[in-house]
Each structure stands twice: as C-alpha cells, then as structure tokens.
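Undergrad: Could you look at this predicted model? Sequence included:
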Amino acid sequence: MEFETEEEKNEDALAIAAHLPLLCRLQLIGNASTVWGLEAVLVGCPNLKSLDLRRCLGLDLSGPIGDRCRRMADFRHPFDSMSDFMFLV
C-alpha cells in the first residue's frame, strides 16, 4: 500500500496558489490538501472571497487558519452538508 507524501497531497493547492493570484472563488471539494496547501492558497490568492472545503477531511481548521477561512464572505467547512451541491455523484 502506498501513502501520499505531504507534497503530493498539496499538489493541487500549491499549483492554484502559484498560478491563480486573481482567483476569487474556489471549490476544493474532497481534496486531500493539508493545512500547508490551504495556507499557500490563502497567501497566493489574496482576492479569495469564496472557499468550499467540503469533504476535505484532512484539514485541521482550528487556530488562525480556520479563523481566516471563517472570515470569508462565503466559506463551506469540510463537514458541511453536500445536499445543495448540484454535481454530487
């Protein structure tokens, strides 16, 4: 059995942070990112106003990073319901 490294888990988040600085809305539903990747997104995308982290169960949102997320205009927590998500499979 192979386990993902920290870098592999955060590959998507790091790419977003590095290449999409004007991003305003982001859905990372079910993504394996950790707090390291989330921090990179928050720093690399300073215009982010909407963040959907539903089913991103590897994130620990206690502390300052969670506070930053909760201050966004539109924030969805990893354990929020998916009932209103139109592409649920």
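TA: Yep, it's here. Numbers count the residues shown, from 1 in each chain.
Undergrad: ends of stretch 18-33, how far apart?
TA: With CA to CA, to the nearest Å applied, stretch 18-33 spans 15 Å between its terminal residues.
Undergrad: Next, the buried residues of that stretch.
TA: Using 16 or more other CB atoms under 10 Å as the test for burial, stretch 18-33 gives 23, 26, 28-29, 31-33. All C-beta atoms are positioned from the backbone trio N, CA, C, and that covers glycine.
Undergrad: Out of those residues, list just those in helices.
TA: Within the buried residues of stretch 18-33, no residue falls in helices by DSSP state H.
Undergrad: Low-confidence ranges, this protein, go.
TA: Applying pLDDT under 70 to the chain picks out residues 1, 88-89.
Undergrad: all helices in this structure, in order from the N-terminus.
TA: Using DSSP H, helices in the chain cover 6-9, 11-19, 35-44, 64-70.
Undergrad: Dump the ones you listed to CSV, plus distance to Ser50.
TA: What follows is the helices of the chain, written out as CSV (distance: least, CB to CB, whole Å):
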stretch, distance to Ser50
helix 6-9, 23
helix 11-19, 14
helix 35-44, 12
helix 64-70, 11
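Undergrad: Compare those and report which one is nearest to Met86.
TA: Ranking the helices of the chain by proximity to Met86 (CB to CB) places helix 11-19 first, at 21.2 Å.
Undergrad: tell me the angle of the closest one relative to helix 35-44?
TA: Going by axes from the mean of the first three to the mean of the last three CA atoms, to 10 degrees, helix 11-19 is angled at 20 degrees with respect to helix 35-44.
Undergrad: what sits up against helix 11-19?
TA: Helix 11-19 is contacted by residues 7, 23, 26, 28, 31, 33, 37-38, 40-41, 43-45 when judged by CB atoms under 8 Å, 6 or more residues apart in numbering.
Undergrad: Comparing the helices of the chain, which comes out most buried?
TA: Among those, helix 35-44 has the highest mean neighbour count (mean count of other CB atoms under 10 Å), at a mean of 19.
Undergrad: Can I get that one in CSV, CA atoms only?
TA: Taking C-alpha atoms only, helix 35-44 is exported to CSV below (Å, rounded to 0.1, in the frame of the first residue of the first chain):
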residue,chain,number,x,y,z
VAL,A,35,-3.2,23.0,6.2
TRP,A,36,0.2,23.6,4.4
GLY,A,37,-1.6,23.7,1.0
LEU,A,38,-4.5,25.7,2.3
GLU,A,39,-2.1,28.3,3.7
ALA,A,40,-0.4,28.5,0.3
VAL,A,41,-3.8,29.1,-1.3
LEU,A,42,-4.8,31.8,1.2
VAL,A,43,-1.4,33.6,0.7
GLY,A,44,-1.2,33.1,-3.1
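Undergrad: Good, we can wrap up now.
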